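> Predicted model follows, preceded by the sequence.
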Amino acid sequence: MDVSLRPMTVADLDALLPFEQILFGAESWSRRSYLDELADTELRTYLVAESVDADGRTELLGDAGLMTIGGTAQILTVGVLPAARRRGVGRLLVRALVAEARRRKAEEVLLEVRIDNEPARFLYEAEGFEALGTRRGYYEQGRVDALTMRLGLDR
Ligand SMILES: CC(C)(COP(=O)(O)OP(=O)(O)OC[C@H]1O[C@@H](n2cnc3c(N)ncnc32)[C@H](O)[C@@H]1OP(=O)(O)O)[C@@H](O)C(=O)NCCC(=O)NCCS
């Protein structure tokens, strides 16, 4: 599968929003949220991953977002469509966000992940993130804990 990454635009939202619910359920973002996020180009970077077939047709595979404030970058979202998983797309997106954090001269990248989300935790661990601690009741109105993870960036 030929996968490429590019910056997300407002034009991607029609394709993206139907998958938000599948990927994130109760935590999914609305069009309004995405519009606000995309408008803040000073602090935020959003990427989409897509496959390109032999005729040049593209298909959305996933997306990811990063916010950088001062020396700290925060991964805001990473999602890959179920049919495209376990083919390295998530890894590609995370690596691109980390590269963007370096470009913005961040010293560390932080993220929150559901404590019960093993695929995501394994992905971040494989990319060098370490567990910092838990945030009780961070998701689903107090029902599910988050694990905070950190990657230090060598300057
Ligand atoms: C987490 C998620 C982004 C991973 O995307 P992906 O494209 O399937 O991940 P990759 O194929 O790049 O996997 C990279 C590595 O992560 C780990 N990993 C990913 N999915 C895994 C799974 N289901 N079980 C165990 N390890 C997994 C493995 O180490 C994998 O390397 P390997 O395939 O060489 O063993 C995807 O499952 C997803 O979108 N989940 C729903 C949304 C979500 O939870 N996002 C994260 C929010 S913090």
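That came through, no problem.

> near the ligand, which residues of this structure?
23, 78-80, 85-91, 113, 117-120, 122-123, 126 (C-beta under 6 Å from any ligand atom). (Each C-beta comes from the backbone N, C-alpha and C, glycine too.)

> ok, and what's touching the helix or strand containing G90?
For G90, the element it lies in under DSSP states H and E is helix 89-103. Residues outside helix 89-103 that contact it (C-beta atoms under 8 Å, 6 or more residues apart in numbering): 3, 5, 45, 47, 49, 61-66, 68, 73, 75, 78, 80, 109, 119-120, 123-124, 126-127, 151, 153.

> hang on, the earlier thing: in helices, which of the residues of the chain next to the ligand appear?
Among these, the members falling in helices (DSSP state H) are 23, 89-91, 118-120, 122-123, 126.

> And the pLDDT at the residue of the chain found nearest the ligand?
In the chain, the residue that lies nearest the ligand is G90 (2.5 Å; C-beta to the nearest ligand atom). Per-residue confidence (pLDDT) for G90: 98.

> Make 57 the first number, not 1, from now on.
Right, with 57 as the first residue, what we last looked at is G146.

> What degree of burial does it show, as a neighbour count?
For G146, the neighbour count with other C-beta atoms under 10 Å is 25.

> Which secondary structure element of the protein has the lowest mean pLDDT?
helix 69-80 (a mean of 89; mean pLDDT, DSSP states H and E).

> Give the buried residues for whichever helix or strand comes after that helix.
Sequence order places helix 87-95 as the next helix or strand after helix 69-80, per DSSP H and E. Buried positions in helix 87-95, judged by neighbour count with 16 or more other C-beta atoms under 10 Å: 90, 93-94.

> distance from the centroid: which residue in this structure tops it?
Each residue of the chain has a distance to the centre, and by C-alpha atoms, centre = their mean the biggest one is for D111: 28.3 Å.

> Relative to S60, how far out is that one?
Using C-beta to C-beta, to the nearest Å, D111 is found at 15 Å from S60.

> Give me the contact list for the longest strand along the chain.
If you go by DSSP state E, the chain has its longest strand at strand 114-125. With contact meaning C-beta under 8 Å, 6+ apart, strand 114-125 is reached by 59, 64, 68, 71-72, 75, 93, 96, 99-109, 129-137, 140, 145-146, 149-150, 152-153, 156-157, 160, 162, 165.
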